[in-house]
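Build me a model:
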Amino acid sequence: MGAFFKKYSGHPFSLIMAILIHLAALITVGVLFALVAYILIRGVANLSPELFAWTYNTDNVSMMPAIINTVIIMLLSLLIATPIGIFSAIYLVEYAKKGNKVVKWIRMTTETLAGIPSIVFGLFGYLMFVLFLHFGYSLLAGALTLSLMVLPTIMRTTEEALRAVPDSYREASFGLGAGHLRTIFKIILPSAMHGILSGIILSIGRIFGETAALIYTTGTAPVIYGGLLDSGRTLACHMYALLSEGLYMDQAYATAVVLLVLVLCINLLSNYIGNKMSGGKS
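Residues are numbered from 1 along each chain as shown. Next up, the predicted model:
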């Protein structure tokens, strides 16, 4: 502690700013641990085998159909949004000319999409996919809506990750005779993999926690999706339904624990895959 104050001796403003920064970091970490602890304390004690029954009924209020639906809709949403987001970012960084008006419009629309509330996406998905395209309350309608929601995140984080790759990597690759496309897929993308995965992980978190958009597009049927045009509910929607009914509060907290653990496991798996794809670099 003495070394900390000694470091900023003679610079009172820097000392105040350093204290505020450390305090803000401590508050953030404290809120995170308090939230996680509250969920675990209220939910772990209410976990029971009945909550993981294969079929849902009013006696067991099983979350297993919702768990399976959550994983399915996450994979389908990422399958749609990830290629579009990554290839769009590659175009903006590697191919588009500087000062291009089209690029400015793309960035402006991307930032606008990122700021739209999820309830608006839900209403759009309901009008476009459920009613206009006649998909009904379905997995496909929900996945398309979620893809629109997470696309800006994947696109912007991938763009920043690609820009962070040193130009010397490109120059060395070109100097060895590699073409532009080969350089992108063999040199630039592996080097930017951690940044790209950061955007995907953020998108996974948003998909797992989304309720408003999915209530309007996938519905809340407590069954497992049987096809792209079948209705169902995710874990977040399942928890919302339990809380709104007011009859299954303990089961809702247990669902929150499972949701928290599931997000953590998928984040760890994504980081592991990223390390493997980038050759073990941290």
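
which stretches of the stretch 1-150 of the chain form helices?
Using DSSP state H, counting those that start in this stretch, the helices found in the stretch 1-150 of the chain span residues 2-7, 12-43, 64-90, 101-114, 118-125, 139-164.

quick one, which of the ones you listed is packed in tightest?
helix 139-164 (a mean of 23; mean count of other CB atoms under 10 Å). C-betas here are computed from N, CA, C, even on glycine.

Check the model's average confidence along it for me.
When pLDDT is averaged along helix 139-164, the result is 92.

Next, the contact list for residue 267, please.
By CB atoms under 8 Å, 6 or more residues apart in numbering, the contact list for residue 267 reads 201, 204, 205.

Let's have the helices of the stretch 1-150 of the chain in a markdown table, adding distance to residue 257.
A markdown table is the format used below for the helices of the stretch 1-150 of the chain (distance: least, CB to CB, whole Å):
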| stretch | distance to residue 257 |
| --- | --- |
| helix 2-7 | 38 |
| helix 12-43 | 4 |
| helix 64-90 | 12 |
| helix 101-114 | 30 |
| helix 118-125 | 23 |
| helix 139-164 | 23 |
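
Apart from its neighbours in sequence, what residue is nearest the residue nearest in space to the middle of the chain?
Central residue of the chain (CA atoms, centre = their mean): residue 203, 1.7 Å from the mean position. Among residues not flanking residue 203 along the chain, residue 150 sits closest, at 3.7 Å (CB to CB, 6 or more residues apart in numbering).

cool, and residue 169?
Nearest non-adjacent residue to residue 169 (CB to CB, 6+ apart): residue 187, at 5.4 Å.

residue ranges of the helices in the stretch 151-282 of the chain, please?
167-175, 180-183, 189-191, 193-209, 212-217, 235-245, 249-277.

closest one to residue 37 among these?
Among the helices of the stretch 151-282 of the chain, the nearest to residue 37 by CB to CB is helix 249-277 (11.1 Å).

still on that earlier bit, of all the helices of the stretch 1-150 of the chain, which one is nearest residue 173?
Judged by CB to CB, the one of the helices of the stretch 1-150 of the chain that comes nearest to residue 173 is helix 139-164, at 14.1 Å.

residues touching residue 223, list them.
Counted by CB under 8 Å, 6+ apart, residue 223 has contacts 55, 56, 65, 230, 231, 232.

Can you go through those residues and name the buried ones?
Those of the contacts of residue 223 that meet the buried threshold are 56, 65, 230, 231, 232, by 16 or more other CB atoms under 10 Å.

so what are the domain limits for the chain?
Domain assignment for the chain by automatic domain parsing gives 2-46, 49-277.

Out of these, which gets the lowest mean score?
Ranked by mean pLDDT, the domains of the chain end with domain 2-46 at the bottom, a mean of 82.

State the distance from the closest residue to residue 170 other than its chain neighbours to residue 174.
Of all residues not flanking residue 170 in the chain, residue 183 sits nearest, at 5.9 Å (CB to CB, 6+ apart). Between residue 183 and residue 174 the computed distance is 7 Å (CB to CB, to the nearest Å).

Could you dump the helices of the stretch 151-282 of the chain into JSON lines and include distance to residue 140?
Formatted as JSON lines, the helices of the stretch 151-282 of the chain follow (distance: least, CB to CB, whole Å):
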{"stretch": "helix 167-175", "distance to residue 140": "39"}
{"stretch": "helix 180-183", "distance to residue 140": "32"}
{"stretch": "helix 189-191", "distance to residue 140": "29"}
{"stretch": "helix 193-209", "distance to residue 140": "15"}
{"stretch": "helix 212-217", "distance to residue 140": "9"}
{"stretch": "helix 235-245", "distance to residue 140": "16"}
{"stretch": "helix 249-277", "distance to residue 140": "22"}
